[in-house]
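Asker: Provide a 3D model corresponding to the input given below.
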Amino acid sequence: MNIDKAKKLCAGLPGATQDIKWTSCLVYSVGGKMFAITDSDPKASRFSIKVDDDAFLGLTDRPGIIPAPYLARMKWVRIDDPKAVSDEEAATLLKRAHEIIFGKLTKKLQKQIAEGGDT
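Answerer: The predicted model follows:
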């Protein structure tokens, strides 16, 4: 997984915003709800992602992927080794994380984002 490509993908998803939280975490959100987290350091190699309940156990059984600290109970994984996933798989996981969170937003907010309005 190329971290720079992953960051660009996250930033380009519909309604996605990014900000710094907890001093050094670059957080990607949609509708004010997080779907991906990485370190703000350009040399960062870890990425945490919200995943489907069904995918959580399969992903965390793989080398280089662990339950995300503090977020595992909400089915987040942390990719510690960028080689653990291909660019294509990372793109699929990030898009799905965005979809999961987008689906939990109110219908009004979903419509606003879909129409390109401010979030």
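
Asker: quick one, what contacts the closest residue to residue 40 other than its chain neighbours?
Answerer: For residue 40, ignoring the flanking residues on the chain, the nearest one in space by CB to CB, 6 or more residues apart in numbering is residue 26 at 4.4 Å. Glycine gets a C-beta too; all of them are placed from N, C-alpha and C. Residues in contact with residue 26, defined by CB atoms under 8 Å, 6 or more residues apart in numbering, are 7, 18, 19, 20, 37, 38, 39, 40, 44.

Asker: Narrow the residues you listed to those in helices?
Answerer: Those of the contacts of residue 26 mapping onto helices are residue 7, per DSSP state H.

Asker: so is the residue nearest to residue 40 in a helix, a strand, or just coil?
Answerer: Three-state assignment for residue 26 (DSSP: H, G, I helix; E, B strand; the rest coil): strand.

Asker: From residue 75, how far out is it?
Answerer: Plainly put, residue 26 is 21 Å away from residue 75 if you go by CB to CB, to the nearest Å.

Asker: can you pull out the helices in this structure?
Answerer: Counting by DSSP H, the helices of the chain are 3-12, 53-60, 87-104, 107-114.
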